[in-house]
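*Asks:* pasting the structure only:
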């Protein structure tokens, strides 16, 4: 197990929608759920984050922002889509300005269903995502090793 | 030989102590908010994780500035434990901070710039009081050497109570605690986002964190110096200071830079200079 699993820092972005899941994500930080028990911090800075938590459906305005945040995050990184809207567009999916779930813009690793998703399931989703994060770290390490060997061989 | 051993011990043990202190800080903060809080070793996990992240430094120079920051913080701490000149120690620490500011300025980011500018204001706020501390210690012990000050037979606190309280006042800013945490925030949800640390990530951020651990240990060592003749009293004072800082941090919001600057200078003028004037007449 790498230290990534012990200190996941997340950045949270509300793509649009009703803000219900947004508030449930913030509820995870309160004394009742206290995600800092797992070393999870809502760090708010893409350059220092490991997990990208997106709530709400993607619309024309939030598309570019999601892409930019995702590209600014250093790998290994994972994306957790929280709530029915972030998973598939939810109740807003037919709207003229909504493109659907977050997976239409960036690759998503964990989908957390629910309307709104309960704090328990959000925490569960993030903890599930940690295994994916670890897997990605191993891939990154192998990639680095492979490149090193390639460079050594000219 | 003994000096070399002390320096080596400082270089090895200070980050461990500083990291534990950071963990205790977060744990105590969580208790004050009736939360469970992270494990005590969480800061070490954080730093270990940061070293395994991808390197995305915007400028190559940034890395060297951060490295210089770390090196000069360690240097100032090492000079302190080696019993060298207190003024040299203070200036080395100031130089270290200048490297951090340059690192923040090396990236074209408005938040980083605001953080760097505020860091400069913060330096202006606490530097007079720190210099007055050194002068006060000189006036009592007739020496700037840390070794001589530590070996002084009387408790410095007895003659320098004003300077001690003034130093505690500016220490809040130096330890990056509310209400004087002008230049950075640990979580980027405030008006300056991450402040000076906005553009640091991965290994660079880890180095900044380690440098802060060294710096915090050194600063508490400076508090301990006031009680050097009675070691356990010094340890007690350090622990009390630390918990007082955590308590204040959890109970106050960030103040404006104007208020910080004015109040720090007033504290330096009234408590610090006042104490010096009294020393001249007794």
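*Replies:* Right, received. Where do you want to start? Remember, it's a predicted structure, so these values are computed and weren't measured experimentally. Numbering: from 1, shown residues only, chains lettered A, B, ... in the order given.
*Asks:* how about the strands in chain A?
*Replies:* A:9-14, A:41-42, A:51-55, A:58-59, A:78-82, A:98-100, A:110-112 (DSSP state E).
*Asks:* what would these look like in JSON lines with mean pLDDT, distance to chain B and mean neighbour count?
*Replies:* Yep, even glycine has a C-beta here, placed from its N, CA and C like the rest. What follows is the strands of chain A, written out as JSON lines (pLDDT from 0 to 100; distance: least, Cβ to the nearest Cβ, whole Å; neighbours: other Cβ atoms under 10 Å in any protein chain shown):
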{"stretch": "strand A:9-14", "mean pLDDT": "92", "distance to chain B": "8", "mean neighbour count": "21"}
{"stretch": "strand A:41-42", "mean pLDDT": "88", "distance to chain B": "6", "mean neighbour count": "21"}
{"stretch": "strand A:51-55", "mean pLDDT": "94", "distance to chain B": "12", "mean neighbour count": "28"}
{"stretch": "strand A:58-59", "mean pLDDT": "92", "distance to chain B": "23", "mean neighbour count": "24"}
{"stretch": "strand A:78-82", "mean pLDDT": "94", "distance to chain B": "13", "mean neighbour count": "27"}
{"stretch": "strand A:98-100", "mean pLDDT": "89", "distance to chain B": "27", "mean neighbour count": "20"}
{"stretch": "strand A:110-112", "mean pLDDT": "94", "distance to chain B": "19", "mean neighbour count": "23"}
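*Asks:* Please render those strands as TSV that adds distance to residue B:214 to the earlier fields.
*Replies:* Shown next, in TSV, are these (distance: least, Cβ to Cβ, whole Å):
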stretch	distance to residue B:214
strand A:9-14	23
strand A:41-42	22
strand A:51-55	30
strand A:58-59	44
strand A:78-82	33
strand A:98-100	49
strand A:110-112	38
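*Asks:* and residue B:235, which of these is closest to it?
*Replies:* Between residue B:235 and these, the shortest gap by Cβ to Cβ is with strand A:41-42, which sits at 30.9 Å.
*Asks:* Please enumerate residues in contact with that closest one?
*Replies:* Residues outside strand A:41-42 that contact it (Cβ atoms under 8 Å, 6 or more residues apart in numbering or on different chains) are A:7, A:9, A:10, A:11, A:12, A:29, B:187, B:189.
*Asks:* at 6 Å what do you get?
*Replies:* Counting by Cβ atoms under 6 Å, 6 or more residues apart in numbering or on different chains, strand A:41-42 makes contact with A:9, A:10, A:12, A:29, all of which sit outside it.
*Asks:* now swap in stretch A:14-28 and tell me
*Replies:* Residues outside stretch A:14-28 that contact it (Cβ under 6 Å, 6+ apart): A:12, A:35, A:54-59, A:62, A:82-83, A:85, A:116-117, A:119, A:122-123.
*Asks:* try 8 Å this time
*Replies:* In contact with stretch A:14-28 (Cβ under 8 Å, 6+ apart) are residues A:12, A:33, A:35, A:53-59, A:61-62, A:65-66, A:82-83, A:85-86, A:90, A:92, A:98, A:102, A:114-119, A:122-123.
*Asks:* What's the end-to-end length of it?
*Replies:* Taking Cα to Cα, to the nearest Å, the first and last residues of stretch A:14-28 lie 15 Å apart.
*Asks:* Identify the residue nearest residue B:123 in space, chain neighbours excluded?
*Replies:* residue B:97 (6.0 Å; Cβ to Cβ, 6 or more residues apart in numbering or on different chains).
*Asks:* mind showing which ranges of the chain have poor pLDDT?
*Replies:* This is for chain A. Judged against pLDDT under 70, the low-scoring parts of chain A cover residues A:1.
*Asks:* ah, I was thinking of chain B
*Replies:* Confidence mapping of chain B against pLDDT under 70 gives the ranges B:186, B:188-190.
*Asks:* interface residues of it facing chain A?
*Replies:* Neighbours of chain A within chain B, by Cβ under 8 Å from any Cβ of the partner chain: B:26, B:30, B:33-39, B:42, B:45-46, B:48-49, B:52-56, B:187-189, B:193-194, B:198-202, B:205.
*Asks:* Which ones among those residues map onto helices?
*Replies:* Using DSSP state H to define helices, the subset of those located there is B:26, B:30, B:42, B:45, B:46, B:48, B:49, B:202, B:205.
*Asks:* JSON lines for those, including neighbour count and distance to residue B:261?
*Replies:* As requested, these are exported to JSON lines (neighbours: other Cβ atoms under 10 Å in any protein chain shown; distance: Cβ to Cβ, whole Å):
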{"residue": "B:26", "neighbour count": "23", "distance to residue B:261": "29"}
{"residue": "B:30", "neighbour count": "18", "distance to residue B:261": "31"}
{"residue": "B:42", "neighbour count": "22", "distance to residue B:261": "33"}
{"residue": "B:45", "neighbour count": "19", "distance to residue B:261": "36"}
{"residue": "B:46", "neighbour count": "24", "distance to residue B:261": "31"}
{"residue": "B:48", "neighbour count": "16", "distance to residue B:261": "37"}
{"residue": "B:49", "neighbour count": "22", "distance to residue B:261": "36"}
{"residue": "B:202", "neighbour count": "19", "distance to residue B:261": "33"}
{"residue": "B:205", "neighbour count": "22", "distance to residue B:261": "27"}
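*Asks:* what's the farthest-apart pair in those residues?
*Replies:* B:30 and B:202 (26.0 Å).
*Asks:* measure residue A:105 to chain B for me?
*Replies:* Counting by Cβ to the nearest Cβ, to the nearest Å, the gap between residue A:105 and chain B amounts to 21 Å.
*Asks:* Nearest to residue B:239, out of the ones in helices among the residues of chain B next to chain A: which one, please.
*Replies:* Of all those, residue B:26 has the smallest distance to residue B:239: 16.7 Å, by Cβ to Cβ.
*Asks:* does the closest one really touch residue B:43, like I thought?
*Replies:* Yes - counting by Cβ atoms under 8 Å, residue B:26 touches residue B:43, with 7.4 Å between them.
*Asks:* Now residue 101, what are its backbone angles?
*Replies:* You didn't pick a chain, so chain A it is. In this entry, residue A:101 is assigned phi and psi values of phi -70, psi 180 (degrees, to the nearest 10).
*Asks:* try chain B instead
*Replies:* phi -60, psi -40.
*Asks:* Do a quick rundown of the strands in chain B.
*Replies:* Along chain B, no stretch is classed among the strands by DSSP E.
*Asks:* Pull out the buried residues from stretch A:27-34.
*Replies:* For stretch A:27-34, burial by neighbour count (16 or more other Cβ atoms under 10 Å in any protein chain shown) applies to A:28, A:29, A:33, A:34.
*Asks:* ugh, typo on my part, it should be stretch A:35-44
*Replies:* Taking 16+ other Cβ under 10 Å as the neighbour-count basis, stretch A:35-44 is seen to contain the buried residues A:35, A:36, A:38, A:39, A:40, A:41, A:42, A:43, A:44.
*Asks:* I'm done for today, thanks for sticking with me.
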